[in-house]
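Enquirer: Predicted model and sequence follow; I will ask about them next.
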Amino acid sequence: MSPVSHSEWDRPADASSPHEGGFRAQIDISTTRGGPRYGELNEELRRLMDLARYACPPEELTEAMIAQVRALNENLAKVQVDEWETPSGTRIDLPSRGNLTLPPYVVTDGGPDGVIADVTFRPFHLGGNKAAHGGHIAVAFDDLGGLASALKVEGVTRTAYLTVGYRSLTPLDTPLQMRTWVETLDGRKAFVKGTLHDGDRLCADVDALFIALKPGQP
Ligand SMILES: CCCCCCCC/C=C\CCCCCCCC(=O)SCCNC(=O)CCNC(=O)[C@H](O)C(C)(C)COP(=O)(O)OP(=O)(O)OC[C@H]1O[C@@H](n2cnc3c(N)ncnc32)[C@H](O)[C@@H]1OP(=O)(O)O
């Protein structure tokens, strides 16, 4: 598999790639939006989620922290932009393209033949008994399956269905290997398969259908 060619995706809006409604014929990518420390901000926010998930604060500390988080939120409220302008989801130099809401992954190989990524479910992705929540595993498959289909069809795709098999427990705080690839491409339909491994052990697999969007499709 050849490494992902970023230049193929980095196209501004023009007549053949209109930025209208919810449709983007090409996805704008960036390595600069949000500045050089945006990734560090994301990482601190993930740490906040990790710590908050397992915290049991006394009342006076809860009060102090509400004020602190309110102050943080007020700063974030001052710098709101729309979904097409935010660095989140477009910063290809950062884990999960800078999208804080996704389980952090790093793509190590990707192209029309498929995607390989190291995924780490964080402590805040807890489902129970030290294992990752199944919904978060599905989110990772959705995004990396979406990436594999996008690289195959060279355009935006949308999930039609996604079926996850949970084969064994998925550990937290452990770099895991996720693979996704288009098994069959039939017109606009990209049938995707994928696996999630902890070393040699299969944790989960996926069977999904992604549909390539038509120009102008919302
Ligand atoms: C380091 C790398 C750098 C590279 C940079 C890359 C940039 C990043 C790129 C990428 C990564 C991003 C990744 C994100 C991924 C996340 C994706 C999501 O979560 S999407 C949100 C959830 N999904 C929805 O909300 C869909 C809701 N549903 C719909 O919108 C429609 O139903 C849709 C689009 C799925 C299909 O609708 P229609 O009108 O376009 O098409 P119709 O004609 O209905 O279906 C087309 C064909 O598909 C079949 N089909 C449709 N749905 C099906 C289903 N559920 N099961 C089976 N077949 C289905 C139909 O039977 C038809 O088949 P016949 O052509 O007739 O053979």
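Expert: Nice, thanks for sending it over. Residues are numbered from 1 along each chain as shown.
Enquirer: From the rest of the structure, what touches stretch 178-187?
Expert: With contacts defined as CB atoms under 8 Å, 6 or more residues apart in numbering, stretch 178-187 is touched by 105, 112-119, 140-141, 144-145, 147-149, 152-153, 190-197, 206. Bear in mind the C-beta positions are built from the backbone N, C-alpha and C, glycine included.
Enquirer: and with 7 Å instead?
Expert: The contact list for stretch 178-187 (CB atoms under 7 Å, 6 or more residues apart in numbering) reads 105, 113-117, 119, 140-141, 144-145, 148-149, 152, 190-196.
Enquirer: among those residues, which are in strands?
Expert: Mapping those onto strands (DSSP state E) picks out 105, 114-117, 119, 190-196.
Enquirer: Closest one to the ligand out of these, please.
Expert: Each of these was checked against the ligand using CB to the nearest ligand atom; the closest is V115, at 8.1 Å.
Enquirer: which residues does that closest one bridge with?
Expert: For V115, the beta-bridge partners under DSSP bridges are G110, T180.
Enquirer: quick one, what contacts it?
Expert: Listed by CB under 7 Å, 6+ apart, the contact partners of V115 are V107, L144, L147, A148, L151, R179, T180.
Enquirer: before we move on, what about T90?
Expert: D28, I29, S30, R33, R97, G98.
Enquirer: ok, and which of those residues reach the ligand?
Expert: I29 (CB under 6 Å from any ligand atom).
Enquirer: SS state for the nearest residue to G34 once chain neighbours are set aside?
Expert: Distances taken as CB to CB, 6 or more residues apart in numbering place P87 nearest to G34, at 3.3 Å, with adjacent residues excluded. The three-state assignment at P87 reads coil, by DSSP: H, G, I helix; E, B strand; the rest coil.
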